[in-house]
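Engineer: Predicted model follows, preceded by the sequence.
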Amino acid sequence: MDLKLDAGAVVFLDTAPFIYLIEGHGDFCALVRELIAECIRVRAQMVTSLITYIEVLTHPERLGRTDLAARYRMFLTNSDNLSIHPINLQVADECVRIRAKNGFKTPDAIQLAVARACGASLLVTNDADWKRCKELNVVLVSELV
């Protein structure tokens, strides 16, 4: 993995990387683990949004998997170098601009807006459609090899 991260880097993580990591996705878990280890090693700040928090918890709660929901909550709220960025008016205004320019659905536009608002130098997702947002450096999990 040659992402050239440093202590000033802000890495935005979309929902999918957390699912791959916490649920042990065969193809992508190791890649996400390596990315997180590198962020911690160089002291880069990892950021996600409340959208991710909501998305990763909904399915386990629906299934009654309180154990899995607890693992997500613990990781997202107690990990070093990881913060959950709030959705505020600055994010909302950026979301509007992204939706108007690129036609993304609201949840995706919020994710992209949070990445912009927190100054992300890298956005990691597995949604190739997000590469249409040229203002951000979008990298797919599959490209972390």
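Structural biologist: Sure thing, it's come through. In this text the structure is predicted, and so the values were computed from the model without any measurement. Residues are numbered from 1 along each chain as shown.
Engineer: Mind listing the strands the helix or strand where Val124 lies pairs with, and their directions?
Structural biologist: Take DSSP states H and E as the rule and Val124 turns out to sit in strand 122-125. Based on DSSP bridges, the pairing partners of strand 122-125 within the sheet are strand 10-13 (parallel), strand 138-140 (parallel).
Engineer: measure Leu57 to Arg116 for me?
Structural biologist: 24 Å (Cβ to Cβ, to the nearest Å). All C-beta spots, glycine's among them, are computed from the backbone N, C-alpha and C.
Engineer: In terms of neighbours, single out the busier of the two.
Structural biologist: Of the pair Leu57 and Arg116, Arg116 is the one with more neighbours under other Cβ atoms under 10 Å, namely 20 against 17.
Engineer: Columns mean pLDDT and distance to Val42 on top of the strands paired with strand 122-125, output as TSV?
Structural biologist: Putting the strands paired with strand 122-125 into TSV (pLDDT from 0 to 100; distance: least, Cβ to Cβ, whole Å) gives the following:
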stretch	mean pLDDT	distance to Val42
strand 10-13	98	10
strand 138-140	96	16
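Engineer: wait, which of the ones you listed is closest to Ser121?
Structural biologist: Nearest to Ser121 among the strands paired with strand 122-125 is strand 10-13 (5.7 Å), distances taken as Cβ to Cβ.
Engineer: Any idea how many residues pack against the nearest residue to Glu61 once chain neighbours are set aside?
Structural biologist: In this structure, Glu61 finds its nearest non-sequential neighbour in Ala69, 5.4 Å apart by Cβ to Cβ, 6 or more residues apart in numbering. Neighbour count of Ala69, defined by other Cβ under 10 Å: 18.
Engineer: can you tell me which residues contact Ala69?
Structural biologist: Contact partners of Ala69, counting by Cβ atoms under 8 Å, 6 or more residues apart in numbering, are 57, 60-61.
Engineer: What are the phi and psi values at it?
Structural biologist: With angles defined as degrees, to the nearest 10, Ala69 sits at phi -60, psi -40.
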